[in-house]
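> the sequence and its predicted three-dimensional model are supplied below.
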Amino acid sequence: VTGKAVKAPRDGPGFSSRLAAKRLMAVKVAVGALVFCVWLLGVAGGAVSGAALIAGSAVARFQLLPSIATAAAAGLSGFGLAWLVSLVITAIAGRWYCAVACPLGFMQDVSRALGRGFRLRLKNVNKISHPADKKTRRKDASAGSRWWALWRVFLALAGVAAAIAAPALLSWIDPYAMATRLAASTASVVWDGLGEAAAGFMISLPASPFRFDPLWLALAALPGLVVLAFSFASGRRSFCAALCPAGALLSLAGSRPLFGFRIEPELCTSCGACERLCPTGAASSSGKAIDTSTCVSCAECGPACPVGAISYTRVAGLRRRVSSTAARVPEAPAEPRKPVSGSTAPSSKLVPESATGKASLLMTRRGFIATGSVGLAAAALTLPAAGLTTGNGPVAELSMHGVRRLWAAPPGAVSLDRYLKLCISCGLCVRACPSGVLRQTVALWRFPAVLVPYMDYSRAFCQFDCVACGDACPTGAIQRLTTAAKTVTAVGKSKLDLKVCIVVEKGTRCGACAEHCPTGALSMGSILGSEFPGPLLDETLCIGCGACETVCPSEPVKALVVRGLRVHETARSLPVRPGSGAQTGAADASQGGTPTEGSIEGGTEGFAF
Amino acid sequence: MDRREFLKIIGTAAAASAFGLRGVERAFAAEALPDLVAVRNGEPAALVDAALAALGGMGRFVTKGQTVVVKPNMGWAVSPENGANTNPATIKRIVEHCLNAGAKKVYVFDNSCDSWRMSYSTSGIEKAARDAGAEVVPANVEGLYHKVELKGAVTLRNVKVHELILESDVFINVPVLKNHGGAGMTAALKNYMGLVWDRGYFHLNNLDACIAEASLVRKADLTILDMYRVMKSGGPRGNPSSNMALLKTIAASTDPVAIDASAAKTLGFEPSKFGYISRAAKLGLGTDKLESLDIKRIVL
């Protein structure tokens, strides 16, 4: 607060708009917090609660670029239409998406609030002068700058092109992916660690299996952490204004919304309060204007304005006033503004649109050519880059249990090529996986996929009836499968090496592999060189769940090793025997039936022995 | 609670106290109690009721204020109709009997093979046991297991065991009878692999010997074998082609070896086919000589 401005008096024109602005901000915080919590619950507890996963995944699927990816991969239906909803809302009401739907946006707003005290102290120490002071005044990043406008066009088009051609390219830059990786890695340490500790006291928390891999955690959390640290220290959302492709796309959609935040020039004293607070540089105090396309609807400027000059109101139809031109506007007779419900704002001076910078971007020949070239450049850079995700490079192999092999993608990925193209490495599936077989590692890092999840059979195996990863995936990289389809989807094939099987090698009874095999691909039968039954593998039944490899006690090399399939296959399944229950999704009641009563030999006579 | 439910509870309580009294009676004339009881042709709860009644009631095993572990086989994330886990209705009824006998707490857990949460929930046992008033607790972290030296063991000299097995007053083993790819058959003795931490060691070091010696950890005070649905092939997890039999039978005894011997016979095999049964008998954990036992058979 500068001290120059006097707070709006109770009966003054600014009072009611200040009150309305406070209410609006409260609503925004509440809605944002609600969406954020739903998402966070899905990230933290998705492995335990199916409802939390579905709800959290719905927030994820609603995200702008993942939704475009879904539309490109699976067509314009369901969440493949969410992007359209976001863009239409933005075109009407401004970038509320950035305030309440984007987890990274919400997190930045929180970190800005947390950093406020820190920044104030810093300012006192360094004696940074008043923001109205020209030297310390930050550059107006948005309004009127053609270069920024062109940059945003580039970002937006590159983002859309990537989302359509190869969403994996967005791994590093998509705000949702960054936020989820940050939250997921944090939850993996803090929440799962807590769950592990609580389990030690026999208290059951809805946490995922605990895993700790410092390199993975660092790489997963880093981009999001940098963004948050920056917003904490600066109080800005520079990422949203300057780098975010989703934000850029929304800024295009929201360049001329019907409703937006607006400074009433009659009331404004140019004190600088809004401009100091504004996280994206949308508010210009001297120009007495807010650039709607840059504004992320944080709604903080309204309550911050001491005279109540800022309100969320109808802005379309009123021609826009832009800082760079405001000073040059000749005094014109005031036009009476059409009354807006609930607003008693007096008339404003209007600027013809042609006089503004960005608004005229497409309206001049030069602007049109510039925009077109930027668009072409975006496409020219993105589309060849899509090739980097698939085809060209070999799919990296991985060493597990001391065996180098092609790793397996989760069921629903269809093929490694498709999976690597569509996965944005957000890690939501890893959080959703109840067994912990799905993992991320730096060992698989390859541009542009940051931490593409893979099946790690060293600690856990894929649960037969589980389809959680497909329920989680927001881009369709892992397709949703029915349980019936899942139980016959082969992501890899187990290979048996009898030489290292302990039945042969140690001459002992085992059978751990056959015990765990859910499909009947492994069974125990007589084998050469052993008095005990040994494993027999029918590869046509194997779905690569990895149960046999995980539990095989042979050391150091397992007798059963699952090699990933480049293209997933449909495995054969054993015929359903009447009465075997609902062992697979395929075995429905009509195929199942009731087992014969007392069908064991002698069971009806001398029972129990 | 509707009237029927209310009456059911009253009836249960009355029956339980009646059994309890009978238990006291029987205690004075211990020779009247059979070594092993088998009940056939009933629903799980009725089977439990009849078996416990024949053994002198739960009051014989559980007294007021005691802590009890009811250890089912819930190793697999499959639904009850697959017969891969102990029948949830059986567990529920046993928990109710324990609480009616005055147990302070009844714990239910298993170190599952499939993901523990999915096994607990999909097996239906978690809900059934909770509904009955039991505490269903985790068994998925190593910190819950404590090393125990096994006297008389040759192969499994020490083993990490779930702390509740070591701390609780009463241990009731409630396995399910199944075919088993590794051990041939799983029933009472094999169910101990769900209360130790490192199963891999068992497989690596003579499975039969380890299964037999694991029972040295603590002889179950009571073993109740669920044979309502019996998986005759493709066990222990089962697969679509598993051969299932609806036996609607339960067996109960204080002798786990006798239970396993009778289980082997139920599957149509001699007990000697499964190495761990005779080994356990030699360790003095019970008898595999069924002909020496007083067996009571009940048909409902």
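Perfect, thanks for sending it.
> grab the nearest non-local neighbour of the residue of chain B found nearest chain A.
When distances are taken as Cβ to the nearest Cβ, chain B reaches nearest to chain A at B:Gly182, 2.7 Å away. In short, each C-beta sits where N, CA and C put it, glycine included. Excluding its sequence neighbours, the residue lying closest to B:Gly182 (Cβ to Cβ, 6 or more residues apart in numbering or on different chains) is A:Gly511, at 2.7 Å.
> measure how buried the one you found is and give me the count.
23 (other Cβ atoms under 10 Å in any protein chain shown).
> touching, it and A:Ser530? I think so.
No: using Cβ atoms under 8 Å, A:Gly511 is not in contact with A:Ser530; the gap is 11.7 Å.
> give the residues shared as contacts by those two.
A:Val503 (Cβ atoms under 8 Å, 6 or more residues apart in numbering or on different chains).
> before we move on, back to that, the residue of chain B closest to chain A contacts A:Ala514, doesn't it?
Yes: with contacts counted by Cβ under 8 Å, B:Gly182 reaches A:Ala514, the gap being 6.8 Å.
> so who does the residue of chain B closest to chain A touch?
A:Arg509, A:Cys510, A:Gly511, A:Ala512, A:Ala514, A:Glu515, A:Met524, B:His203, B:Leu207.
> report whether it is found in a helix, as I expect.
No: B:Gly182 is assigned coil when assessed by DSSP: H, G, I helix; E, B strand; the rest coil, not a helix.
> how near is whatever residue of chain A ends up closest to chain B to B:Leu36?
Closest approach between chain A and chain B, counting by Cβ to the nearest Cβ: A:Gly511, at 2.7 Å. With the distance defined as Cβ to Cβ, to the nearest Å, A:Gly511 ends up 28 Å from B:Leu36.
> how about A:Thr482?
A:Thr482 is 46 Å from B:Leu36, by Cβ to Cβ.
> looking at those two, which one has more neighbours?
Set side by side, A:Thr482 and B:Leu36 show more neighbours around B:Leu36, with 26 against 11, by other Cβ under 10 Å.
> phi and psi next, for the nearest residue to that one once chain neighbours are set aside.
Leaving aside its chain neighbours, B:Leu36 sits nearest to B:Ser253 (4.0 Å; criterion: Cβ to Cβ, 6+ apart). Backbone torsions of B:Ser253, given as degrees, to the nearest 10, read phi -170, psi 160.
> picking that back up, now the contacts of B:Gly182 in a markdown table, with secondary structure, distance to A:Leu398 and pLDDT?
Below are these laid out as a markdown table (DSSP: H, G, I helix; E, B strand; the rest coil; distance: Cβ to Cβ, whole Å; pLDDT from 0 to 100):
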| residue | secondary structure | distance to A:Leu398 | pLDDT |
| --- | --- | --- | --- |
| A:Arg509 | coil | 32 | 87 |
| A:Cys510 | coil | 26 | 90 |
| A:Gly511 | coil | 28 | 91 |
| A:Ala512 | helix | 23 | 93 |
| A:Ala514 | helix | 26 | 93 |
| A:Glu515 | helix | 26 | 92 |
| A:Met524 | strand | 30 | 91 |
| B:His203 | helix | 26 | 89 |
| B:Leu207 | helix | 31 | 91 |
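> centroid residue for the chain?
Going with chain A. A:Tyr176 (3.0 Å; Cα atoms, centre = their mean).
> wait, I meant chain B there
Judging by Cα atoms, centre = their mean, chain B has its centre closest to B:Val174, at 1.4 Å.
> what residues are up against it?
B:70-73, B:86, B:90-91, B:94, B:191, B:223-226.
> number of residues surrounding A:Thr483?
Neighbour tally, A:Thr483, other Cβ under 10 Å: 14.
> hmm, I typed the wrong one, I wanted A:Arg365.
A:Arg365: 7 neighbours (other Cβ under 10 Å).
> and the pLDDT at it?
Note on A:Arg365: pLDDT of 74.
> measure it to A:Gly372 for me?
11 Å.
> A strand includes A:Lys558, no?
No: assigned with three-state DSSP, A:Lys558 falls outside any strand and is coil.
> count the neighbours of it for me.
27.
> repeat that for B:Asn41.
The burial count for B:Asn41: 16, using other Cβ under 10 Å.
> what sits against residue 116?
In the absence of a named chain, chain A is used. Counted by Cβ under 8 Å, 6+ apart, A:Arg116 has contacts A:Gly235.
> to clarify, I was referring to chain B.
B:Asp110, B:Pro138, B:Ala139, B:Asn140.
> at 6 Å what do you get?
B:Asn140 (Cβ atoms under 6 Å, 6 or more residues apart in numbering or on different chains).
> just A:Arg572 next, same as before
Here A:Arg572 is in contact with A:Thr540, A:Leu541 (Cβ under 6 Å, 6+ apart).
> that one - that's part of a helix, no?
No: assigned with three-state DSSP, A:Arg572 falls outside any helix and is coil.
> looking at it now. What's its pLDDT?
93.
> kindly report the same for the one 5 residues further on.
According to the per-residue confidence, A:Arg577 scores 77 in pLDDT.
> state the distance from the nearest residue to it once chain neighbours are set aside to A:Ala413.
Closest residue to A:Arg577 apart from its sequence neighbours, by Cβ to Cβ, 6+ apart: B:Ser241 at 4.8 Å. Using Cβ to Cβ, we find B:Ser241 at a distance of 28 Å from A:Ala413.
> what does A:Leu84 give?
A:Leu84 is 27 Å from A:Ala413, by Cβ to Cβ.
> and what of A:Lys421?
A:Lys421 is 10 Å from A:Ala413, by Cβ to Cβ.
> and these two? Which one has more around it.
A:Ala413 (31 against 24).
> surely that one is within a helix?
No: assignment of A:Ala413 by three-state DSSP gives coil, placing it outside any helix.
> what's around the residue lying closest to it once chain neighbours are set aside, how many residues?
Closest residue to A:Ala413 apart from its sequence neighbours, by Cβ to Cβ, 6+ apart: A:Tyr419 at 3.7 Å. Applying other Cβ under 10 Å, we find 26 other residues in the vicinity of A:Tyr419.
> any idea whether A:Tyr419 is helix, strand or coil?
helix.
> A:Gly412 is in contact with that one, correct?
No: here A:Tyr419 lies out of contact with A:Gly412, judged by Cβ atoms under 6 Å, at a distance of 8.9 Å.
> you'd agree A:Cys473 is up against A:Val430?
No: counting by Cβ under 6 Å, A:Cys473 stays clear of A:Val430, with 10.6 Å between them.
> quickly find the element holding the residue nearest to the centre of chain A.
Element membership of A:Tyr176, judged by DSSP states H and E, is helix A:175-200.
> who touches the helix or strand that that helix is followed by?
On the C-terminal side of helix A:175-200, the closest following helix or strand by DSSP H and E is helix A:214-234. If you take Cβ under 6 Å, 6+ apart as the criterion, helix A:214-234 is touched by A:107-108, A:111-112, A:115, A:178-179, A:181-182, A:185, A:237, A:239, A:440-442, A:451.
> OK, contacts around residue 243?
You didn't pick a chain, so chain A it is. Neighbours of A:Leu243 in contact, by Cβ under 6 Å, 6+ apart: none.
> the chain in question should be chain B.
Here B:Asn243 is in contact with B:Lys232, B:Ser233 (Cβ under 6 Å, 6+ apart).
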